[in-house]
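In: predicted model and sequence follow; I will ask about them next.
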Amino acid sequence: MRAREVDPAAPPRHYVPASGDFATAIKLGLGWGLLPGFQAAEALNTGALVGLGGPPIDVPLYWQQWNLRSALLEAIAAEIIDEGRRVLAPASA
């Protein structure tokens, strides 16, 4: 960063309000970022994005919510869990 006359203690920063917009900003060259596979796969395959670092690191995800019983909260949690199981890769053993 010093070679570009940028203070390493105060690097440039951008605020992008949504994850889809964040992926678009990266694809447009605004900077580098960490994207989940489903957002990056096509752009990596076409060369619009370049992978950095090593292989992907899979981590388990957990759904947490307040211990409030309500039909609406339980329905929302069930939908989120079902969708996660549908679109995310299963955890490695």
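Out: Okay, I see it.
In: and the longest helix along the chain, what does it pack onto?
Out: For the chain, the helix with the greatest residue count under DSSP state H is helix 71-87. Judged by 3 or more Cβ pairs under 8 Å, 6 or more residues apart in numbering; DSSP states H and E, helix 71-87 has no packing partners among the helices and strands. Just so you know, the C-beta spots here come from the backbone N, C-alpha and C atoms, and that holds for glycine as well.
In: what mean pLDDT does that helix get?
Out: Across helix 71-87, the average pLDDT comes to 91.
In: now swap in stretch 52-68 and tell me
Out: Stretch 52-68 carries an average pLDDT of 82.
In: chain center to that stretch, what's the gap?
Out: 10 Å (Cα atoms, centre = their mean, to the nearest Å).
In: and stretch 10-26, by the same measure?
Out: Using Cα atoms, centre = their mean, the offset of stretch 10-26 from its chain centre is 11 Å.
In: name the residues that touch it?
Out: M1, V6, L30, G31, W32, G33, L35, Q39, A40, L49 (Cβ atoms under 8 Å, 6 or more residues apart in numbering).
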